[in-house]
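[1] fold the following and give me the result.
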Amino acid sequence: MTLRSVLRWPASYPLALIIALMALVPVGVLFGLASDEVQLFDARNLKVLTNTLLLMVFTVLGSIVIGVPLALLTAYVQMPWRRLWLILLAAPLAIPSYIGAFTLYAAFGRGGEIENLLGLPVPAMDGLVGATIVMILYSYPFVMLTTRASLLSLDASLVNAARTLGMSIGTSLWRVVLPRVVTGIAAGGLLVALYTLSDFGTPAIMRLDTFTRVIFVEYNAFGLSQAAMLSLQLLVIVGLVLFLESRVRGSRERPGRHLTLWPGRGQRLAIALSVVPILALAIVLPLAVFGIWVAREGTQGFEFSYAWNSVHASFLAAIFAVILAVPVAHAAIAGRAGRLMERMTYFGFGVPGIVMGTALVYVGLKLPFLYQTLGLLVLAYVLRFLPLAVGSVRSTAEGLDPSLVKAARVLGASPREAFQRVTLPLTVRGMVAGAALVFLEAMRELPATLMLGPTGFETLATYLWRVYEAGYFGRAAIPGLLLVLMSALGLALMLSGERRAEFDVTENPHS
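    Model (predicted):
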């Protein structure tokens, strides 16, 4: 690379490169921290690895078994109140999995809320089985939504041809439709796998030793080197999952008129009855448990400063993430090198929060002015969720008409003036959407907040964790409900985008 080619780089490249390198800092820190660790792998690690892989595999399989039929249901089947069914079936995304684990753990088992209320003994919800059930309940919507998006883009002509040749509707869906949406299923499975690998709260509450739980235990025992080694092993699994997903290829085709199925009255009733148990476990039961706790204990022990702390830290993270996302997004549009820089920032999103926390704790120890400060916590949020802002800003910027910038240049504006007066104002919508997504994800983040929050700095997520550890379950109702409310706003934002995409695919007023 010559000096002249460097000087001709787009103006966004230098800053985007710095930001991309920042995203890789935590991984470099982990390698340096683990370099003194002699014990690379032992019998205990084998058990942790087995638990982690089993939880991931069972969760992915369960999410596909539930999510794919529900995708077919919401995409093709003409049910009464179709939009309401979609919202209800996607609603588990509005409940952080650790909240679902907390309430289900408290509801089941001896002395649980179900036994206290109904007098019915029910088995406990814990261990690998309990963690798998919880993770499936709160991650199947990933598979449902990605598969549904693929289904809505398919042309129904092949299904109609198969039906003409004598295939039943079930056989047609299995042999004609599903092979064409394997990429969407794989994308949803990838999200489920990454979500399962990064989740800390559910395995900890269900008392299952996975990498995330053991890393936190080692951190609390001041075993940073062992925590770093476990973190690197977890990152290897994350990298392997990403590689396997990249090898899945599906067919591409032009969108067409999508399939429509009209079930009979008995079939509609059977569909509704099959869906009810999922919604009852994932939504109704947790909200009912919170309602019981509010009625029993009210707001005892809760201070609204916890909500303010959550909002304050998450708002700062959203602002800084958007500021950093703008040069990265525009660099990605400018050329191949910029796209590579953008991909480097996405690495932070694949790093579980517990791993990010481990790396930045060590950074704080080496830089005492950062240790246990709000700035270090905000940095963790930004590095973790920057890709959400980058994706929103980039998608908006790519949709701009380039003739507007060219017209500004013809009229005498410099490249900087054209960016400030034309490009930047037109990307505000993407910036706001990206900031909202970062804000809501930061509000839900638990392990990084536990590890990096300043002394005495309680958020909704950390307060909920403290009352769980102390056994004061009833005091978790208010922070849990507030987190569900904030997460519901993020779900509404996502579904509004999904609705616009569906309209673009399925509606053509000129046809």
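[2] residues contacting Asn45?
    230, 233 (Cβ atoms under 8 Å, 6 or more residues apart in numbering). For the C-beta atoms, the positions are set from N, CA and C on the backbone; glycine is no exception.
[3] no wait, Ile271
    73, 77, 79, 263.
[4] and Ala329, by the same measure?
    Going by Cβ under 8 Å, 6+ apart, Ala329 touches 342, 390, 393-394, 397, 427, 430.
[5] test my guess that Ala389 contacts Ile319.
    No - using Cβ atoms under 8 Å, Ala389 is not in contact with Ile319, being 10.0 Å away.
[6] neighbours of Leu365, how many?
    Leu365 has 12 neighbouring residues, counting by other Cβ atoms under 10 Å.
[7] farthest-separated two in the contacts of Ile271?
    Among these, the pair separated by the greatest distance (Cβ to Cβ) is Leu73 and Pro263, at 9.5 Å.
[8] so those two - more neighbours on which side?
    Counted by other Cβ under 10 Å, Leu73 and Pro263 do not tie: Leu73 has more neighbours, with 21 against 14.
[9] where's the closest residue to that one other than its chain neighbours, which helix or strand?
    Distances taken as Cβ to Cβ, 6 or more residues apart in numbering place Ile271 nearest to Leu73, at 6.5 Å, with adjacent residues excluded. Secondary structure from DSSP states H and E places Ile271 in helix 265-279.
[10] any shared contact partners between Leu73 and Pro263?
    By Cβ under 8 Å, 6+ apart, the residues touching both Leu73 and Pro263 are 79, 271.
[11] Asp199 reaches Ile99, doesn't it?
    No - taking Cβ under 8 Å as the definition, Asp199 is not a contact partner of Ile99, at 11.8 Å.
[12] quick one: residues contacting Thr455.
    Going by Cβ under 8 Å, 6+ apart, Thr455 touches Gln372.
[13] before we move on, the earlier item: which among the contacts of Ile271 gets closest to Phe369?
    Nearest to Phe369 among the contacts of Ile271: Leu73, at 54.7 Å, using Cβ to Cβ.
[14] which element is that closest one on?
    If you go by DSSP H and E, Leu73 is part of helix 43-76.
[15] could you give me the buried positions within that helix?
    For helix 43-76, the neighbour count (16 or more other Cβ atoms under 10 Å) marks 45, 48-49, 51-52, 55-56, 58-60, 62-64, 66-76 as buried.
[16] for Ala282, see how far away the spatially most central residue of the chain is.
    Centroid-nearest residue in the chain: Tyr195, 6.3 Å away (criterion: Cα atoms, centre = their mean). As judged by Cβ to Cβ, to the nearest Å, Tyr195 and Ala282 stand 15 Å apart.
[17] Leu70 too?
    Using Cβ to Cβ, Leu70 is found at 12 Å from Ala282.
[18] before we move on, what about Phe347?
    For Phe347, the distance to Ala282 - Cβ to Cβ - is 31 Å.
[19] and for Leu17?
    Taking Cβ to Cβ as the criterion, Leu17 is separated from Ala282 by 43 Å.
[20] likewise Val432?
    Taking Cβ to Cβ, one finds Val432 at 30 Å from Ala282.
[21] more crowded one of those two?
    Ranked by neighbour count (other Cβ under 10 Å), Val432 and Ala282 place Ala282 first, with 24 against 16.
[22] check the secondary structure at that one for me.
    Here Ala282 is helix, with the state taken from DSSP: H, G, I helix; E, B strand; the rest coil.
[23] repeat for Pro123
    Under three-state DSSP, Pro123 falls in the coil class.
[24] burial of it, as a residue count?
    Residues near Pro123, counting by other Cβ under 10 Å, number 11.
[25] the one 3 residues further on now?
    Applying other Cβ under 10 Å, we find 18 residues neighbouring Asp126.
[26] now Leu287
    Leu287: 15 surrounding residues under other Cβ under 10 Å.
[27] distance-wise, check it relative to Gly100.
    As judged by Cβ to Cβ, Leu287 and Gly100 stand 11 Å apart.
[28] now do Leu30
    For Leu30, the distance to Gly100 - Cβ to Cβ - is 30 Å.
[29] do I have it right that Val328 meets Ala20?
    Yes - with contacts counted by Cβ under 8 Å, Val328 reaches Ala20, the gap being 7.1 Å.
[30] what do these two both touch?
    Residues touching both Val328 and Ala20 (Cβ under 8 Å, 6+ apart) are 341-342, 345.
[31] now the helices for the stretch 251-400 of the chain?
    For the stretch 251-400 of the chain, the helices defined by DSSP state H, counting those that start in this stretch cover 265-279, 285-297, 305-334, 336-350, 353-366, 374-398.
[32] in the second one, which residues are buried?
    Using 16+ other Cβ under 10 Å as the test for burial, helix 285-297 gives 285-286, 288-290, 292-293, 297.
[33] show me where pLDDT drops low in the stretch 351-500 of the chain?
    Counting by pLDDT under 70, the stretch 351-500 of the chain contains low-confidence ranges at 398-406, 408-426, 490-491, 493-500.
[34] same check, this time on the chain
    Scanning the chain for pLDDT under 70 picks out 1-10, 35-43, 155-170, 173-176, 245-262, 398-406, 408-426, 490-491, 493-511.
[35] over to Asp126: give its phi and psi.
    Torsion angles at Asp126 (phi, psi; degrees, to the nearest 10) stand at phi -160, psi -180.
[36] do I have it right that it meets Tyr105?
    Yes - counting by Cβ under 8 Å, Asp126 does reach Tyr105; the two are 6.4 Å apart.
[37] any shared contact partners between these two?
    Common neighbours of Asp126 and Tyr105, using Cβ under 8 Å, 6+ apart, are Met206.
[38] closest to Phe473 out of the helices of the stretch 251-400 of the chain?
    Checking the helices of the stretch 251-400 of the chain against Phe473 by Cβ to Cβ gives helix 285-297 as the closest, at 6.8 Å.
[39] as TSV, the contacts of Ile271 with distance to Gly480 would be great.
    As requested, the contacts of Ile271 are exported to TSV (distance: Cβ to Cβ, whole Å):
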residue	distance to Gly480
Leu73	29
Val77	33
Met79	31
Pro263	37
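[40] picking that back up, can you list the buried residues in the helix holding Ile271?
    271, 275, 278-279.
[41] got the CA coordinates for it in PDB?
    Output of helix 265-279 as PDB, limited to C-alpha atoms (Å, rounded to 0.1, in the frame of the first residue of the first chain):
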ATOM      1  CA  ARG A 265     -62.700 -24.300  12.400                       C
ATOM      2  CA  GLY A 266     -61.500 -27.500  14.100                       C
ATOM      3  CA  GLN A 267     -58.000 -26.900  12.700                       C
ATOM      4  CA  ARG A 268     -57.900 -23.300  14.000                       C
ATOM      5  CA  LEU A 269     -58.900 -24.600  17.400                       C
ATOM      6  CA  ALA A 270     -56.200 -27.200  17.400                       C
ATOM      7  CA  ILE A 271     -53.600 -24.700  16.400                       C
ATOM      8  CA  ALA A 272     -54.700 -22.300  19.200                       C
ATOM      9  CA  LEU A 273     -54.600 -25.100  21.800                       C
ATOM     10  CA  SER A 274     -51.100 -26.100  20.700                       C
ATOM     11  CA  VAL A 275     -49.800 -22.600  21.100                       C
ATOM     12  CA  VAL A 276     -51.400 -21.800  24.500                       C
ATOM     13  CA  PRO A 277     -48.900 -23.800  26.600                       C
ATOM     14  CA  ILE A 278     -46.000 -22.000  25.100                       C
ATOM     15  CA  LEU A 279     -47.500 -18.600  25.800                       C
END
